[in-house]
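K.L.:
Whatever this is, show me its structure:
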Amino acid sequence: MNEKLRLSRRKVLAGIGVVGLASAGAGAGTSAFFSDEEEFVDNSLVAGELDLLVDWQQTYDFGDGQTFVSAHPDHDGDGEQSVEIDGEIAKYSDFPDEEDADSNGANIPVLDCDNVPPLSEADFGVDPVTDEEMDTLVQFTDVKPGDAGEITFSLHLCDNPGYLWMQADNISEDGGVHTEPEMAVDPDNLGDLGDAINARLWYDEDCDNVYDSAESVDIMLTLDFSGSMLYDEYGGLVSNDEIQLNGNTYNETTKIDLVELGARQFIDFLQNAGADAQVGVAYLDGEGSDDNIPRTGILQELTTDLSVVDGALTGLRQKLANVVTGSAPSDPSDGDGDPDPFSTNGIATGTYLGEGVDDAQTELDANGRPGAEKQTIVLSDGESFNGTGSTQFSSPEDAAASARAGPGGAISPSPSSPETSVYTINVDGSASTLAAMAGPAGGSGDDPAFFNDIDDPLDIPTVFGNLAAQATQEKVIMEDTLANVLAELADGNGIPLDGNRATLYEELTDPADDPDREAFRNAGVMHCVALSWELPFEIGNEIQGDTLGFDLGFYTEQERHNDGAGPQVA
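P.N.:
Next up is the predicted model:
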C-alpha cells in the first residue's frame, strides 16, 4: 500500500481502503430428536490504512526580514499557521509576535492526524512582493538578488508506519524575456535561475523555520525505574518478541529494554555528531514496604565522556531490579534484584517524579557548565505517587516549574540552579502530569512542543532519536544550488528520509533499504523537513526574466512487507 501526496491543488491522490467480508456457519443436524448448531457471525477482514498528511509554514525575506507567506492549516488566511480545534484557536508563530503570547519559534505542535485539514483546503496566500494570489506552494514572480525563502513541512504518518521519500518532478527552466542588460552577459538567454539560487534541505527538528547550528548542552536523562517498566504484573511486558541488547538476547521485550535501546541510541548519536554535550542519568522509583525513603538518585553524574554514560545505560533490567526488588537502601549497581519480568517478589511501589526531577536539577546545578544550555528529559509510564511512607511529597509540577525557572525558582536545589528546559515522555500512562511539567527554560509548563505522548512503547527509540537530533546541530540532507537539489529529488524515487535521526543513515549515499534507515511512525513526534533558498546579492543580469518551475511531493509506502527499497518505478 502506498500513497503519494503532491503539493498542488490539482494533484492530490486519495488513499483507498478495502474491506473484505466473510462469514461461515455450521448447518443444523437432520435428526428430529438430536440436533445442534454452531455459527460464527459477523466475521470481517478490514484492510489497514496508510495516510500521509502534510502541514507547512512558508516565509519570504525580500529585504525587510522574514514574513509569513502561506501556511497549512491557516484558518484566517493571514499566512501564519493556525487552526481551530474544539472552538479554540491554536497558533504558534515562527518568529516573535508582540500580539501572540505563544510566539516562541515553532509550528503548531498539537497538529496531528485528527486535525490537519486535507490539502484540497489549503490557502496558498499571496506573493508578498506583487500581492498576486498564488495557486500553488511556490509562485513568486519578482525575485531579486538578496531575496530568500523557506518552507518547513511537518509530516504525519497516520495509522501504519511507513517509509518516506521527498520528491521533485516536472522541473523546467526558461530564459524568459531577453532584456537588453541580459543580452550582454547571456546572449543565448539560457535558464540560469536554478544554478544561481543557493539551497539547503534539512531536518528542522524543532519545526521553527530556522536552521539550528551546534550549541553546548548539558542533559540529564531522568528515567522511570518503577516496577511497571519491567514486571509483567504491573504492565511492564510489551511483547513476547525477542530483543537483543549489548550481546544479550531476551525472550521477551519490556519497556525498560526499549528505554535502554533508545537512550543508548541517543548517546551514540551525540558521539557520532561530535556534539558539545555533557550527559548524566537520574533514576526514580517509589518506596519499599520496609523503608520510607524515595528510591531515587543519580545513576551517572554529568560527564563529557559519553562512553561512560553508555556503560551506565547498559543492563537497565538488572539495575532497575536492584532498585525496586532489592533491599533498602537500594542501589542500582548492588546486584541484589530479580530482573525476571515474571517475578512478583517484593516489588517497590510508587513513582516519585518530583524527587527525580529535583535530583536531576541538583546535578545540573553542581556539575553543569557555565554557558551550556540545560535540559532534563523525563520518561515515565504513570502518574506520580507518594507511596505509603512518611517522606515529604514533592509535587512534579512544582519541581518542573522550579527547574524551568532557575535562580530564585528552586525549591529543593540551590538558588543558583540553572534555567532548564524540561522535556517529558509519557509511555502509555496518564499524560496530564507529564504534560503540565513540559516547557522551555525560563518559560511556563504545559507546552506541547516539549511533551511527547507515546501510545505504543515500541516508539520509545524514535522519540529518543528526535530529542537527540534537537540537542545537536540540525542534520543537513543536502546543501547545493537549487538546481542540483531539485535534480537529486527528481532522481529515481527521490531522497529517502529517515524516521529516526539517531540512526547513522546518510540519505544521499546509503541505499534506501539500509538497516539504519527507519520508517516514520505516528509516535507523538513532529517530524519536520525544511527547504530554504537564497538568491545572492552578487548575481548579475544573466538571470533577468528567467523562470524555474518544479513540483514537490512526498511518497510513502507501508513498513510491513516492505524493506524500504521503494517501488521499482519512480
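
K.L.:
which residues in the protein form helices?
P.N.:
Listed in chain order, the helices found in the chain under DSSP state H are 180-185, 193-196, 255-272, 306-312, 316-324, 353-367, 396-405, 432-437, 460-470, 482-490.

K.L.:
Using JSON lines, please lay out these together with mean pLDDT.
P.N.:
As requested, those are exported to JSON lines (pLDDT from 0 to 100):
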{"stretch": "helix 180-185", "mean pLDDT": "46"}
{"stretch": "helix 193-196", "mean pLDDT": "85"}
{"stretch": "helix 255-272", "mean pLDDT": "94"}
{"stretch": "helix 306-312", "mean pLDDT": "96"}
{"stretch": "helix 316-324", "mean pLDDT": "92"}
{"stretch": "helix 353-367", "mean pLDDT": "93"}
{"stretch": "helix 396-405", "mean pLDDT": "92"}
{"stretch": "helix 432-437", "mean pLDDT": "92"}
{"stretch": "helix 460-470", "mean pLDDT": "89"}
{"stretch": "helix 482-490", "mean pLDDT": "94"}
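
K.L.:
Could you dump these into a markdown table and include distance to Asp208 and mean neighbour count?
P.N.:
From N, CA and C alone the C-beta is placed, and that goes for glycine too. Output for these, formatted as a markdown table (distance: least, Cβ to Cβ, whole Å; neighbours: other Cβ atoms under 10 Å):
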| stretch | distance to Asp208 | mean neighbour count |
| --- | --- | --- |
| helix 180-185 | 38 | 13 |
| helix 193-196 | 27 | 22 |
| helix 255-272 | 20 | 23 |
| helix 306-312 | 26 | 18 |
| helix 316-324 | 33 | 25 |
| helix 353-367 | 24 | 25 |
| helix 396-405 | 19 | 24 |
| helix 432-437 | 21 | 22 |
| helix 460-470 | 11 | 25 |
| helix 482-490 | 21 | 20 |
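
K.L.:
Could you point out which of those sits nearest Gln167?
P.N.:
Distance to Gln167, taken as Cβ to Cβ, is lowest for helix 482-490 among the helices of the chain, at 5.6 Å.

K.L.:
Now do the closest one: which elements does it pack against?
P.N.:
The elements that helix 482-490 packs onto, with contact taken as 3 or more Cβ pairs under 8 Å, 6 or more residues apart in numbering; DSSP states H and E, are strand 162-174, helix 193-196, strand 198-203, strand 476-481, strand 547-558.

K.L.:
Val69 contacts Gln58, correct?
P.N.:
Yes. Under the criterion of Cβ atoms under 8 Å, Val69 is in contact with Gln58, at a separation of 4.5 Å.

K.L.:
what residues do those two have in common as contacts?
P.N.:
Residues touching both Val69 and Gln58 (Cβ atoms under 8 Å, 6 or more residues apart in numbering): Gly79, Gly125, Gly149.

K.L.:
Now do the first one against Val116, distance only.
P.N.:
Looking back up the chat, that one is Gly79. 18 Å (Cβ to Cβ, to the nearest Å).

K.L.:
How about the second one?
P.N.:
Using Cβ to Cβ, Gly125 is found at 18 Å from Val116.

K.L.:
Please say which of the two ends up with more neighbours.
P.N.:
Counted by other Cβ atoms under 10 Å, Gly125 and Val116 do not tie: Gly125 has more neighbours, with 22 against 19.

K.L.:
so what's that one up against?
P.N.:
Counting by Cβ under 8 Å, 6+ apart, the residues that Gly125 touches are Gln58, Phe68, Val69, Ser70, Ala71, Asp74, Gly77, Gly79, Glu133, Met134.
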